[in-house]
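Novice: Quick one, fold the following:
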Amino acid sequence: MIRYLKYIFLIFGGIGLLIIGFFCYQNQHDLALVWDYKSKLDYDEVSENCPTAQGNYYYPCFKERFTELTEQSGLTGIGFGLKIAFNFMDDDKATTTVFANENIKNIQYALNYLELNNLAIKNSYKRFFGIKKMYGGYLSSLRDFLDGAEKFSGNLIKGLESEEGIVSIEDEKVRLEVQARYDMISSEYKAEYAKAREFVESEIEKVLAAHED
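Specialist: The predicted structure is shown next:
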């Protein structure tokens, strides 16, 4: 029995290694890019090289670097980039003192998350570096990614538009500034999401039509 278990372990272990190897080969461009940017997006690295920051608020500098990553990445790189971004945002939010109170800080960071998600959506469908025969699988992954991005942004927008969101800011000047920022970011979200969704659905139709011929 133990001998059979050993063979089962070797077989499934081998399959696992093949899957990992294929994933790395298929996504070698994005994995190499993320590796290069991992240190650049690290909180300590950004905070030490952000001379314009006030009140330990390093998000603007991080956004510049994250934008560079997304503008070179395929879908896999963007996915890994978002995970790095969320870790950075947790640290940045915990240490910044630039905002007047906790409520304003929470709202501004919700806008930051929405802004980063916009960048991810905007660039998610613009570059495919994998094997051509895997394009159909890529489209399926892209559609799943957009579903998740829509849900994520939708929840943020719901919170921002609730009674506990932007309207709860007591300082009228700050509220109007935040509202203007929200209007711009939410409008961008709707436009970029519509473009990405139109692309993926159109490409899926083309692939299905090609297989029917």
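
Novice: Low-confidence regions, the chain specifically.
Specialist: Counting by pLDDT under 70, the ranges of the chain that qualify are 1-28, 131, 133-134, 211-213.

Novice: That one: helices as residue ranges?
Specialist: Along the chain, the segments classed as helices by DSSP state H run 2-26, 28-38, 43-48, 59-70, 75-95, 102-124, 135-160, 172-212.

Novice: could you redo these as TSV and give each row mean neighbour count and distance to residue 166?
Specialist: (C-beta placed from N, C-alpha, C; glycine too.) Conversion of the helices of the chain to TSV gives the following (neighbours: other CB atoms under 10 Å; distance: least, CB to CB, whole Å):
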stretch	mean neighbour count	distance to residue 166
helix 2-26	10	41
helix 28-38	16	32
helix 43-48	16	27
helix 59-70	19	18
helix 75-95	18	18
helix 102-124	20	6
helix 135-160	16	6
helix 172-212	14	5
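
Novice: Counting neighbours, what do you get for residue 163?
Specialist: As a burial measure, the neighbour count of residue 163 was computed by other CB atoms under 10 Å and equals 7.

Novice: And it, how close does it get to residue 179?
Specialist: Look at residue 163 and residue 179: by CB to CB, to the nearest Å, they are 14 Å apart.

Novice: again, but for residue 62
Specialist: For residue 62, the distance to residue 179 equals 24 Å [CB to CB].

Novice: Equivalent analysis for residue 140, please.
Specialist: Taken as CB to CB, the spacing of residue 140 relative to residue 179 amounts to 38 Å.

Novice: I'd like to check which residues are in contact with the residue sitting nearest the centre point of the chain.
Specialist: What sits nearest the mean C-alpha location of the chain, by CA atoms, centre = their mean, is residue 82, with 3.6 Å. Residue 82 is in contact with 116-117, 120, counting by CB atoms under 8 Å, 6 or more residues apart in numbering.

Novice: Recalculate using a threshold of 7 Å.
Specialist: residue 120 (CB atoms under 7 Å, 6 or more residues apart in numbering).

Novice: what sits against residue 92?
Specialist: Taking CB under 7 Å, 6+ apart as the contact definition, residue 92 lies against 43, 58-59.

Novice: Residue 110: which of these is nearest?
Specialist: residue 59 (12.2 Å; CB to CB).

Novice: Would you agree that closest one is in contact with residue 111?
Specialist: No - under the criterion of CB atoms under 7 Å, residue 59 lies out of contact with residue 111, with a separation of 10.0 Å.

Novice: intersection of neighbour lists for these two?
Specialist: Listed as contacting both residue 59 and residue 111 by CB under 7 Å, 6+ apart is no residue at all.
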